[in-house]
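Asker: Generate a structure from the sequence data that follows.
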Amino acid sequence: MSADPKPKPPSKAARKRAKFGREFCCDARVAFVRNLRCPAYNTTPCENHHIESGGTSYKADYTKIAPLSFRAHQEIHLWGRTTFEDRHGIDLAIQASKTQARWRDHCAINGLDPETGERLTNDSERPQ
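Answerer: Okay, here's the model as predicted:
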C-alpha cells in the first residue's frame, strides 16, 4: 500500500495573494480608504496605515487600518503613535473602527461582499 503523496505547498503567488487579502482585504478596499479623509488633516487622498502590528514582520489585518494622508503617515512613523495621537487629538483605534464600519456600509449599499470587494450576484447574498 502506497502512502499518499505529500501535498504541494502553496505557490509564492498564492501566498502573496493570501497575505494581501489578510492585510488589506482587496484592491477595492484599498481604493475606498484612499478616498476617505485624513482625520489629522482633513485631506485626501489617504494611505492605508496599519495602526498595530500583526506580529514579528507582519502587518495587522485590514480591520486595523486608518486612513492617513502622506504627511500624517510620515509623522506617525517619525513621532510614534502616542505622540501623533496626542498632537492631533485623535484615537487611531477609533479611526480604524470607523473605517471598517464605513467599508461595511459601502459594501451593503453597493451590493459588494465586504470580505472580497466583489459584487454579490443577488440580494439574498447581501450581508445583513
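Asker: Counting neighbours, which bits of stretch 110-118 end up buried?
Answerer: Taking 16 or more other C-beta atoms under 10 Å as the neighbour-count basis, stretch 110-118 is seen to contain the buried residues 112-114, 117. All C-beta spots, glycine's among them, are computed from the backbone N, C-alpha and C.
Asker: Please apply the same query to stretch 45-53.
Answerer: Buried residues in stretch 45-53 (16+ other C-beta under 10 Å): 46-51.
Asker: ok, those residues vs Leu92, which is closest?
Answerer: Closest approach between the buried residues of stretch 45-53 and Leu92, by C-beta to C-beta: Ile51, at 4.3 Å.
Asker: surely that closest one meets Tyr62?
Answerer: No: the pair Ile51 and Tyr62 fails to qualify as a contact (C-beta atoms under 8 Å) at a distance of 11.2 Å.
Asker: and Pro67, helix, strand or coil?
Answerer: For Pro67, the reduced secondary structure class is strand; criterion used: DSSP: H, G, I helix; E, B strand; the rest coil.
Asker: OK, contacts around it?
Answerer: By C-beta atoms under 8 Å, 6 or more residues apart in numbering, the residues touching Pro67 are 33-34, 36-39, 46-49, 95, 99.
Asker: Across the sheet, point out what pairs with it.
Answerer: Here Pro67 sits in beta bridges with Asn48, going by DSSP bridges.
Asker: Helix or strand with the lowest mean pLDDT in this protein?
Answerer: Among the helices and strands of the chain, strand 53-55 carries the lowest confidence by mean pLDDT, DSSP states H and E, at a mean of 64.
Asker: Which residue ranges of this protein form helices?
Answerer: Counting by DSSP state H, residue ranges of the helices within the chain are 12-24, 27-34, 70-79, 81-88, 92-110.
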